[in-house]
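> heads up, no residue letters with this:
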């Protein structure tokens, strides 16, 4: 409650300040929004659970500026999401605004199913490149056209880890000196992991996203000075010596310190994320979990006691390979979780206009996206929002969160990224089951390169 | 004689033809809803699917699809996951279909006896088949959890080492087969209805000849149940070729460890909705149709040898 009051006070100051005032303030206001007609738009999104009332509040805030636009908050289930999005965007009566991942945005843009928003942005007079972090807004550009604006951050997805300080103390380790390198991470995990008849009873560090081995590999690759693709996105680079070394290290780490991939999957299967109270990190069963910036809101909601005591938990940057002099902590932005809100072409002009008006408010306004993300304790892709001192009061490790945004590297992807992710996942998994790292990565690189070549030849 | 016959027939035709025509139209009227539904929901999608299977269609307006002939079908020959998903599906069918059939038939036999609380038992055994598959899948996901799941806890309690049901590629398919048995209730009801149609006199005849339970089963029940067995077998086979939801929920879109639970429909789904390769997915759907058709025809052909319809 205190944080909310502080934030509201600051929000008022920000609204009055010309420096902090985001360009959303300049969008059409009053009864003239989107031409002034009474319009109802359907906003298809996946901000469910604790986020749904926050989104409803954002819509209410929007309606204070644009009372003529009714926004139906159509929250969807994650089950069968891909099917729903693909059929919705291509239908004759699509939702007016759809939450899409970066890969989907690119695919739909490639197929001509969604509107570029360049002309809207120009008419509105805002400058997205000065509002958002460059990589964040850059992620939403396909073939030179801007298709949406980001919310939440694409960054801060992989550069952080959350750790349980109590487990460090129990293992005789300094809780204020969390591992910074791969080698230190091995030591910590070796000191904490315990096995029983069912597999892992207590785990030092889970270095994998157990259902997304492709992303797991890429995240570690960047902490070993490796790259997924060349900067122009046309050449596969993940089978480089750094890639092979990274995969070998991952396999060795999991086999040596975590009883193998199957044991880790079983250990994590019971409580797959931080929204469940029996997540092992909350119960002194998992010391280190690599999280994205949504973790803070989940921690606050799921284990308020732990959240309230910074001596119980800490945050640090993803460790790097100390044996590689060029390696450093890094995060990857734009590969996953790079969400935007796209406007399908198959709809009347007035609903397109209304959808854009809401999109701009949602992503750039102080009482839109800034409010929505602050309430979840996560950073905003809008630079000005993150400068809000209230964040430091709410999260004692806010400086680390901002550091994680700083170390993010934006990855260029294409509409075929979904296929490449699966190809790479298979290769990584085969390595965990004993295949040679160089062999599997070379084969995956060959398949991925063929897909990229085909895409670029048709573009 | 011939002219007399003609004269007799002619007036009769002139009287009954309008009535027959009316009857025909009434008949056509009755089948019209089915016919419209068949055209709209089956024939047109089938034709469209076949057409799309020969294009590079992705998503969006169908006009954007380019004709590529049999390229998608040729591509399947080089697609490792196509072969793997087909092999996984056949493995599933080989175990799931007969086991479900045997279980449903056995329970139906038990429920066809005169025991107390028969209605309760029938309800209890049928209920699982009407529980939503998503809810049931999530329950099984928990039950087969290697650490906290009830199955491993029970096994451990009786001295058996815990099994990695869903994370060891050697166990994933057999786990899904076990889970699939849960839905035997629908087949059981069909068996039960058929069992109740067997005339009592036939059982009495066996009893008079000194036959026991085994003789009743072998000489009366099984032969008279063969049309029902055939029906359940056919329906079970067709459904098993399309296994998707449970595996998708439990193992994820890629079918769990080393794609060991990647079934044909999941690979089709991935191509359609995750990779937006609708053309290729349509071609895969058509191939699945051909496979199911071939199996169905094969079964119908062999049914002459083992299905007894009573009037033969």
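Structure's in. What do you need? Here the structure is a predicted model, which means the values were calculated and not measured. Numbers count the residues shown, from 1 in each chain, chains lettered A, B, ... in the order given.
> up against chain A, what does the stretch 151-300 of chain B have?
Residues of the stretch 151-300 of chain B found near chain A (C-beta under 8 Å from any C-beta of the partner chain) are B:152, B:156, B:161-162, B:164, B:166-169, B:249, B:252, B:254, B:257-259, B:269-270, B:272-276. Any C-beta I mention is one placed from the backbone N, CA and C, and that applies to glycine too.
> I figured residue B:249 was touching residue B:135, is that so?
No - using C-beta atoms under 8 Å, residue B:249 is not in contact with residue B:135; the gap is 9.9 Å.
> what about the two, which has more around it?
residue B:249 (18 against 10; other C-beta atoms under 10 Å in any protein chain shown).
> okay, that one and residue B:139: tell me how far apart.
11 Å (C-beta to C-beta, to the nearest Å).
> can you tell me which helix or strand of chain A has the lowest average pLDDT?
The weakest-scoring helix or strand in chain A, judged by mean pLDDT, DSSP states H and E, is helix A:2-16 (a mean of 43).
> and residue A:155, what does it touch?
When contacts are counted by C-beta atoms under 8 Å, 6 or more residues apart in numbering or on different chains, residue A:155 touches A:133, A:135-136, A:331, A:333, A:381, A:404-405, A:408, A:410.
> and the residues you listed near chain B, which?
Near chain B, taking C-beta under 8 Å from any C-beta as the test, no member of the contacts of residue A:155 is found.
> run through the helices of the stretch 251-400 of chain A in chain order.
For the stretch 251-400 of chain A, the helices defined by DSSP state H, counting those that start in this stretch cover A:261-269, A:295-302, A:304-308, A:349-364, A:371-374, A:383-386, A:390-394, A:398-406.
> please name the nearest non-neighbouring residue to residue B:162.
Distance criterion C-beta to C-beta, 6 or more residues apart in numbering or on different chains; nearest residue to residue B:162, sequence neighbours excluded, is residue B:152 at 4.1 Å.
> count of residues packed around that neighbour?
For residue B:152, the number of neighbouring residues by other C-beta under 10 Å comes to 24.
> wait, what's in contact with it?
Counting by C-beta under 8 Å, 6+ apart, residue B:152 has contacts A:198, B:144-146, B:162-163, B:165.
> which of these sit farthest apart?
Pairwise distances among the contacts of residue B:152 were taken by C-beta to C-beta; the largest, 12.9 Å, belongs to A:198 and B:144.
> please say which of the two ends up with more neighbours.
A side-by-side neighbour count of residue A:198 and residue B:144, using other C-beta under 10 Å, places residue B:144 first with 24 against 20.
> shouldn't that one be in contact with residue B:166?
Yes - assessed by C-beta under 8 Å, residue B:144 is found in contact with residue B:166 at 5.5 Å.
> between the two, which contacts overlap?
B:175, B:250.
> look at residue A:156 and report its pLDDT.
Looking at residue A:156, its pLDDT is 83.
> on that earlier part again, please identify the helix or strand for the residue nearest to residue B:162.
Taking DSSP states H and E as the definition, one finds residue B:152 inside helix B:150-157.
> from the contact counts, what lies against the helix or strand just after that helix?
Sequence-wise, the next helix or strand downstream of helix B:150-157 (DSSP H and E) is helix B:172-180. Where contact means 3 or more C-beta pairs under 8 Å, 6 or more residues apart in numbering or on different chains; DSSP states H and E, helix B:172-180 is packed against helix B:80-111, helix B:133-143, helix B:245-251.
> repeat that with 10 Å
Where contact means 3 or more C-beta pairs under 10 Å, 6 or more residues apart in numbering or on different chains; DSSP states H and E, helix B:172-180 is packed against helix B:80-111, helix B:133-143, helix B:222-241, helix B:245-251.
> what lies in contact with stretch B:141-150?
Contact with stretch B:141-150 is made by A:196-201, A:262-263, A:265-271, A:278, B:139-140, B:151-155, B:162-168, B:171-172, B:175-176, B:178-179, B:246, B:249-251, as judged by C-beta atoms under 10 Å, 6 or more residues apart in numbering or on different chains.
> repeat that for 8 Å
A:198-199, A:266-267, A:269-270, B:151-152, B:162-167, B:175, B:179, B:249-250.
> just the buried members of those residues?
A:198-199, A:266-267, A:269-270, B:151-152, B:162-167, B:175, B:179, B:249-250 (16 or more other C-beta atoms under 10 Å in any protein chain shown).
> residues from the stretch 101-250 of chain A in reach of chain B?
Counting by C-beta under 8 Å from any C-beta, the stretch 101-250 of chain A sits next to chain B at A:107-108, A:111-113, A:197-199, A:211.
> of these, which belong to strands?
Counting by DSSP state E, the part of those found in strands is residue A:199.
> let's have the residues of the stretch 101-250 of chain A next to chain B in JSON lines, adding pLDDT.
Listed next are these as JSON lines, based on pLDDT from 0 to 100:
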{"residue": "A:107", "pLDDT": "88"}
{"residue": "A:108", "pLDDT": "92"}
{"residue": "A:111", "pLDDT": "87"}
{"residue": "A:112", "pLDDT": "89"}
{"residue": "A:113", "pLDDT": "92"}
{"residue": "A:197", "pLDDT": "92"}
{"residue": "A:198", "pLDDT": "92"}
{"residue": "A:199", "pLDDT": "92"}
{"residue": "A:211", "pLDDT": "87"}
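> list the buried ones in stretch A:226-244?
A:226-229, A:233, A:236-240, A:242-244.
> in helices, which of those appear?
Within the buried residues of stretch A:226-244, membership in helices is found for A:242-244, as judged by DSSP state H.
> let me know the closest of these to residue A:140.
Checking these against residue A:140 with C-beta to C-beta, the nearest one is residue A:243 at 27.6 Å.
> residues in contact with residue B:87?
Neighbours of residue B:87 in contact, by C-beta under 8 Å, 6+ apart: none.
> any idea how many residues pack against residue B:237?
By other C-beta under 10 Å, 17 other residues sit near residue B:237.
> gap between the helix holding residue B:152 and the chain center?
Distance, stretch centre to chain centre, for helix B:150-157: 32 Å (C-alpha atoms, centre = their mean, to the nearest Å).
> tell me the angle of it relative to helix B:133-143?
Here helix B:150-157 runs at 30 degrees with respect to helix B:133-143, directions being taken by axes from the mean of the first three to the mean of the last three C-alpha atoms, to 10 degrees.
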